[in-house]
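A.B. asks: with the sequence up front, the predicted model follows.
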Amino acid sequence: MAGTILLVEDDPDTARSLTRALESSGYRVTAVDTGNEARSIIEHVRPDLILLDLMLPDTDGLVLCTALKQLTSAPIIICSARQQQVDRVLGLKLGADDFVAKPFDLDELEARIEAVLRRASRVREVPASSPDQIRVDELLIAQSRGTVTLAGQIVHLTPTEYRLLVALASRPEEVLSREALGQLVWGYQDVGTGHLIDVHIGRLRLKLRRASRSAPVIVTVRGKGYTIGSASSDSVDGAEQNEPAASVEAPSA
């Protein structure tokens, strides 16, 4: 799956090696080494995907991630030598679609790029056999437009939150494990996926509650996973509805 990649990387050796590798796989690559240049060029490049380093000379990559999400719907993969769990969690909470720690294997990076582009394509293209709209009480997901409304009001979600809500809302009678949600949302699951699912569930719950008191409830089923149900429905056995939103807060922009 080829496409256009915007590479934001200030190390010239890394930028050159990544550009060569990705172009040899059929991608078109535009490389920049500062956040300001990334902001100024993004409308001209119109990337299908952004590879973003966190350690840039003029800005923090997490701050830039937030700014880029306001300028483009292109998915973002963070590639950084900063391997702290908090950076991974904050990056994904701020809208990044994946996080790859440096040093990384080029084959793994390309596999993750392909997976992210496939997921982005599935969000844009609704299969003819699937209903365009998913409804749970007053929650309405219009898949062809990628929009979510609650009681008639637009709910603004990150791409990851959107995919997570679609996975739950399209299977309202099922309890989905963290592993299953990881596969549905990211196309893979690893040792850190379960915690990231919990973080995104917390953010999603908070946004739905803020939008309407009649929002469907995302229920935690102890030892099993998550399910979604009506705000007025009774809790299932072993379930909790009032779980804290998240233990890590995103920095203010």
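C.D. replies: Okay, I see it.
A.B. asks: measure the residue nearest the centre of the chain to residue 201 for me?
C.D. replies: Taking C-alpha atoms, centre = their mean, the centroid of the chain lies closest to residue 160, which sits 2.9 Å from it. Look at residue 160 and residue 201: by C-beta to C-beta, to the nearest Å, they are 11 Å apart. Bear in mind the C-beta positions are built from the backbone N, C-alpha and C, glycine included.
A.B. asks: one more: residue 231?
C.D. replies: Using C-beta to C-beta, we find residue 231 at a distance of 16 Å from residue 201.
A.B. asks: so those two - more neighbours on which side?
C.D. replies: For residue 231 versus residue 201, neighbours defined as other C-beta atoms under 10 Å are more numerous around residue 201 (23 against 17).
A.B. asks: is it fair to say that one lies in a helix?
C.D. replies: Yes - assessed by DSSP: H, G, I helix; E, B strand; the rest coil, residue 201 belongs to a helix.
A.B. asks: change the start of the numbering to 604 and stick with it
C.D. replies: Noted, 604 is the first residue going forward, which turns the last one into residue 804.
A.B. asks: which residues touch it?
C.D. replies: By C-beta atoms under 8 Å, 6 or more residues apart in numbering, residue 804 lies in contact with 767, 821, 823, 829, 846.
A.B. asks: surely residue 823 is in contact with residue 829?
C.D. replies: Yes - the criterion here is C-beta atoms under 8 Å, and residue 823 meets it with residue 829 at 6.0 Å.
A.B. asks: tell me which of these two has more neighbours.
C.D. replies: residue 829 (25 against 20).
A.B. asks: hang on, the more buried one packs against residue 770?
C.D. replies: No - using C-beta under 8 Å as the test, residue 829 is too far from residue 770 to be in contact (9.3 Å).
A.B. asks: quick one, helices of the stretch 654-803 of the chain?
C.D. replies: For the stretch 654-803 of the chain, the helices defined by DSSP state H, counting those that start in this stretch cover 664-674, 688-696, 709-727, 762-772, 781-789, 796-814.
A.B. asks: shared neighbours, residue 829 and residue 770?
C.D. replies: Between them, residue 829 and residue 770 share these contacting residues under C-beta under 8 Å, 6+ apart: 779, 784.
A.B. asks: want to throw the contacts of residue 804 into JSON lines with distance to residue 737?
C.D. replies: As requested, the contacts of residue 804 are exported to JSON lines (distance: C-beta to C-beta, whole Å):
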{"residue": "767", "distance to residue 737": "13"}
{"residue": "821", "distance to residue 737": "14"}
{"residue": "823", "distance to residue 737": "21"}
{"residue": "829", "distance to residue 737": "16"}
{"residue": "846", "distance to residue 737": "23"}
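A.B. asks: counting only helices, which of these make the cut?
C.D. replies: Counting by DSSP state H, the contacts of residue 804 place residue 767 in helices.
A.B. asks: which stretch in the helices of the stretch 654-803 of the chain has the least confidence?
C.D. replies: For those, mean pLDDT drops lowest on helix 688-696, to a mean of 70.
A.B. asks: confidence score at residue 659?
C.D. replies: pLDDT, residue 659: 91.
A.B. asks: look up how far residue 832 lies from it.
C.D. replies: In terms of C-beta to C-beta, residue 659 sits 44 Å off from residue 832.
A.B. asks: do the same with residue 805
C.D. replies: 17 Å.
A.B. asks: count the neighbours of the closest residue to residue 668 other than its chain neighbours for me.
C.D. replies: In space, and not counting its chain neighbours, residue 668 is closest to residue 697: 5.0 Å by C-beta to C-beta, 6 or more residues apart in numbering. By the criterion of other C-beta under 10 Å, residue 697 has 22 neighbours.
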